[in-house]
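Colleague: everything below, folded, please.
(one chain, ligands or ions: 1)
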Amino acid sequence: MPMAESELTRIRNNHRLLLALCDQLERIADRLPDGIDRQECLVLARALGPALYRIQTVEETLAFPVLAGWQSLEPEMAETLERLRFEHQSDLCYAEEIQDMLRAYGEGRPSPAPDAAGFMLRGFFEGIRRHVAFERQALLPLAALMRHAPASGVLRSA
Ligand SMILES: [Fe+2]
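Modeller: I've put the predicted structure just below:
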């Protein structure tokens with residue numbers, strides 16, 4: 001069952017939201033320790049994990065089953081989807097640590113130290129940006145292609 005255009009649009013919009021969150025986290029990392037907005041940290045400390053989980057669930061529910069249709073012809077697709085699921089899980093775990101750190105800074109308890117906090121933030125948003133770039137540039141075009149021709153048809157005519 002191919003994905004509807006509205007489903008692809010929903011995932012693309014979610015990716016834009018994730019990248020905006022990454023930009024927000026980068027601004028916080030750039031302003032540590034004294035230039036941060038504590039209220040912004042508290043808001044992000046509540047919103048980050050749930051937003052990430054919601055976005056990942058949409059991908060795994062709408063896109064991954066469709067993309068799995070390639071695996072009978074391209075076994076690597078199964079490995080790719082497994083890797084992405086693993087990245088989702090590890091990003092969620094990492095997000096919990098980021099949330100704890102943001103909450104601490106938001107409440108005026110700057111822990112860990114600014115250098116470590118900045119390192120944590122950069123590791124997190126750089127990983128998310130790489131993940132999103134792969135899904136946007138490699139997977140979604142494939143899913144969009146499958147809207148017009150099932151995997152087997154595309155490969156047979158190539
Ligand atoms: Fe993802």
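
Colleague: where exactly do the helices run in this protein?
Modeller: Per DSSP state H, the chain carries helices over the ranges 5-31, 38-58, 64-67, 76-106, 114-134, 140-148, 151-157.

Colleague: mean neighbour count and mean pLDDT added to those, as a markdown table?
Modeller: Glycine gets a C-beta too; all of them are placed from N, C-alpha and C. Formatted as a markdown table, the helices of the chain follow (neighbours: other C-beta atoms under 10 Å; pLDDT from 0 to 100):
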| stretch | mean neighbour count | mean pLDDT |
| --- | --- | --- |
| helix 5-31 | 16 | 97 |
| helix 38-58 | 16 | 98 |
| helix 64-67 | 18 | 91 |
| helix 76-106 | 16 | 97 |
| helix 114-134 | 16 | 98 |
| helix 140-148 | 15 | 82 |
| helix 151-157 | 12 | 49 |
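
Colleague: do I have it right that residue 135 meets residue 15?
Modeller: Yes. Using C-beta atoms under 8 Å, residue 135 is in contact with residue 15, at 6.7 Å.

Colleague: run through who's touching stretch 32-39.
Modeller: Residues outside stretch 32-39 that contact it (C-beta atoms under 8 Å, 6 or more residues apart in numbering): 28, 105, 106, 107, 108, 110, 114, 117, 118.

Colleague: any buried residues in it, and which?
Modeller: For stretch 32-39, burial by neighbour count (16 or more other C-beta atoms under 10 Å) applies to 32, 36.

Colleague: so how far is that stretch from its chain's centroid?
Modeller: Distance of stretch 32-39 from the chain centroid (C-alpha atoms, centre = their mean, to the nearest Å) equals 24 Å.

Colleague: got the CA coordinates for it in CSV?
Modeller: Output in CSV follows, covering the C-alpha atoms of stretch 32-39 (Å, rounded to 0.1, in the frame of the first residue of the first chain):
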residue,chain,number,x,y,z
LEU,A,32,25.8,28.7,27.7
PRO,A,33,26.1,29.3,30.6
ASP,A,34,24.9,32.9,31.2
GLY,A,35,23.1,33.8,28.0
ILE,A,36,20.4,31.1,28.1
ASP,A,37,16.7,31.7,28.5
ARG,A,38,15.8,29.6,31.5
GLN,A,39,12.1,29.6,30.6
